[in-house]
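Asks: take a look and give me a structure for this.
(one chain, ligands or ions: 2)
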Amino acid sequence: MSALESSSPEETRRLGEALGRAAEAGDVVLLSGELGAGKTVFVQGVARGLGFEGPVSSKSFVLLGEYAGRITLYHADLYRLESPDEVAELALEEISGNGVLVVEWPERGDVVLPKERLTLLFEVSGPETRRLTTEARGARAQALAEALGE
Ligand SMILES: Nc1ncnc2c1ncn2[C@@H]1O[C@H](COP(=O)(O)OP(=O)(O)OP(=O)(O)O)[C@@H](O)[C@H]1O
Ligand SMILES: [Mg+2]
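Replies: Ligands and ions are numbered 1, 2, ... in the order given. Now for the predicted structure:
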């Protein structure tokens, strides 16, 4: 585990962009942290790094967004789900083979999410600063962590 600091939304977006450039189909990235911690800002960067030009919205109501870049970005937000059974219905593990899967609020269904994943924990350390702790499981997750500049 190691930690990064972001001092602005743009810096968080740039971190996401670096991850997006390094991503390969099958990669899984879990984003943990309280409301407003910067998870969606990071996903906007991932989309940019994959070459997707359009907007990326908060997925709190839609559950799963799909963005076609160099490879497809699947953006899931599990906030509104209440049990791992509901998360299982989304079949995220199957979907993840087709592109890069990025999941906000993974705690809602951790047991049904792929085991090899990069987890990023976002903590609010000030009005414009965020602390990102990374935990990599598997070789691909390790490569993505390195792409973030560790
Ligand atoms: N360093 C920073 N990195 C990211 N966002 C920041 C930073 N500093 C301030 N912010 C602000 O914090 C907010 C982060 O919002 P965002 O929607 O990304 O949070 P979230 O973690 O996705 O929340 P939710 O759990 O509600 O989906 C934005 O308003 C953004 O401008
Ligand atoms: Mg969000």
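Asks: only C-alpha atoms for contact and neighbour calcs from this point on.
Replies: Noted.
Asks: quick one: stretch 123-131 near ligand 1?
Replies: Yes - Stretch 123-131 is in contact with ligand 1 by Cα under 6 Å from any ligand atom, via 127-130.
Asks: who touches that stretch?
Replies: For stretch 123-131, contacts defined as Cα atoms under 8 Å, 6 or more residues apart in numbering pick out 3-9, 33-34, 37-38, 121-122, 132.
Asks: re earlier: show the buried residues in the residues of stretch 123-131 next to ligand 1.
Replies: Taking 16 or more other Cα atoms under 10 Å as the criterion, what is buried in the residues of stretch 123-131 next to ligand 1 is 129-130.
Asks: now render the residues of stretch 123-131 next to ligand 1 as CSV, adding secondary structure.
Replies: Formatted as CSV, the residues of stretch 123-131 next to ligand 1 follow (DSSP: H, G, I helix; E, B strand; the rest coil):
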residue, secondary structure
127, coil
128, coil
129, coil
130, strand
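Asks: out of the residues of stretch 123-131 next to ligand 1, which is nearest to ligand 1?
Replies: Ranked by distance to ligand 1 (Cα to the nearest ligand atom), the residues of stretch 123-131 next to ligand 1 are led by residue 128 at 3.3 Å.
Asks: and the closest one, how far from residue 5?
Replies: Using Cα to Cα, to the nearest Å, residue 128 is found at 11 Å from residue 5.
Asks: quick check, central residue of this structure?
Replies: Closest residue to the average C-alpha location of the chain: residue 102 at 3.6 Å, with Cα atoms, centre = their mean.
Asks: which stretches of this protein form helices?
Replies: For the chain, helices defined by DSSP state H occupy the ranges 9-22, 39-49, 84-89, 92-96, 139-147.
Asks: what's the angle between the longest one and helix 39-49?
Replies: So the one you mean is helix 9-22. Helix 9-22 and helix 39-49 meet at an angle of 50 degrees, taking axes from the mean of the first three to the mean of the last three Cα atoms, to 10 degrees as the criterion.
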